[in-house]
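[1] turn this into a model:
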Amino acid sequence: MSQEPTGASQAQSLQQQRMREFLQMLPLTTEIAGLPPSAQGAYFSEGQMENRAIAMKAAFKIAKQIMKDIAG
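    Residues are numbered from 1 along each chain as shown. Okay, the predicted model is just below:
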């Protein structure tokens, strides 16, 4: 009797796969985004963090496309 993965375990597996993909591509994504680091002891405002998050999301999409282009 084989155990078929449940919908919840498949969703969790997919989520873990996506997280691994993101972490593996983080250095490339960060370089594409071109965001400067904060000065030591300085913190970003909420608006700055939102802008940086938007830049990272756009850079991640580009990084994924680069990986697809390289792979095939």
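[2] where does the protein have low pLDDT?
    Low-confidence segments of the chain (pLDDT under 70): 1-5.
[3] tell me the centre residue of it?
    Phe22 (3.6 Å; Cα atoms, centre = their mean).
[4] helix or strand for that one, which one?
    helix 7-33 (DSSP states H and E).
[5] mind listing what's buried along the next helix-or-strand element following that helix?
    Sequence order places helix 46-71 as the next helix or strand after helix 7-33, per DSSP H and E. Neighbour counts over helix 46-71 (16 or more other Cβ atoms under 10 Å) mark 55-56, 59-60, 63 as buried. C-beta: built from backbone N, CA, C; applies to glycine.
[6] quick one: those as TSV, columns for distance to Ile32 too.
    Below are the buried residues of helix 46-71 laid out as TSV (distance: Cβ to Cβ, whole Å):
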residue	distance to Ile32
Ala55	9
Met56	9
Ala59	4
Phe60	8
Ala63	6
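[7] what is the nearest of those residues to Pro27?
    Ala63 (9.3 Å; Cβ to Cβ).
[8] my read is that the residue nearest to the centre of the chain contacts Lys61, right?
    No: with contact defined as Cβ atoms under 8 Å, Phe22 does not count as touching Lys61 (11.6 Å).
[9] among the buried residues of helix 46-71, give me the pair with the biggest separation.
    Ala55 and Ala63 (12.2 Å).
[10] count the residues that sit near Ser45.
    Here the number of neighbours of Ser45 (other Cβ atoms under 10 Å) works out to 8.
[11] tell me the spacing between it and Leu14.
    From Ser45 over to Leu14 the distance is 34 Å, taken as Cβ to Cβ, to the nearest Å.
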